[in-house]
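Q: this one's sequence-less:
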């Protein structure tokens, strides 16, 4: 349902939930720990994690390939290539949302970073939008991720590209 400005209430609530990390509570992880967890996740194989939300990817024993044939074995590979497969970015977004609901999964901050990285990569490298978030909400989420001191440079590059694209499209 949309209000008179065209903002979707569901998308706004979804964004608020995605960026809610228990304000006023002691953080569970230090920035150093979050950086180490992100590095570990970027080196993790795609199949086991994405297989939690897409059984076809779980069963794939061969390396996935980018549009230019470059092999994709890890999340880091996915965000570094110039032509990532859209379906793998969509699965990454679903995995990030799934991870936010699981007790023994990724920290919420890391899941949120993966969520916005997948959206940003789809937008900038595939020319496709894989979210119902409006541009303002998307810019807000990307800005939050970019502000994190634990974010790696490859990820920051993807988000910078999306931020520039969204900035050009702003009214």
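A: That came through, no problem. In this text the structure is predicted, and so the values were computed from the model without any measurement.
Q: This structure: helices as residue ranges?
A: 9-18, 31-43, 46-50, 55-59, 75-80, 86-101, 108-125, 135-146, 153-169 (DSSP state H).
Q: how distant is the last one from the center of its chain?
A: On the basis of Cα atoms, centre = their mean, to the nearest Å, helix 153-169 is displaced by 13 Å from the centre of the chain it belongs to.
Q: Just the buried residues of it, please?
A: Within helix 153-169, the residues that count as buried by 16 or more other Cβ atoms under 10 Å are 155, 158-159, 162-163, 166. Quick note: C-beta positions are derived from backbone N, CA and C, even for glycine.
Q: mind listing what residue 42 touches?
A: When contacts are counted by Cβ atoms under 8 Å, 6 or more residues apart in numbering, residue 42 is found next to 74-76, 79, 152, 154-155.
Q: now, which of the residues you listed sits nearest residue 121?
A: Minimum distance to residue 121 across those is 5.8 Å, recorded for residue 79 (Cβ to Cβ).
Q: Report the contact partners of residue 55.
A: With Cβ under 8 Å, 6+ apart, residue 55 has no contacts at all.
Q: Kindly provide the distance from it to residue 109.
A: 27 Å (Cβ to Cβ, to the nearest Å).
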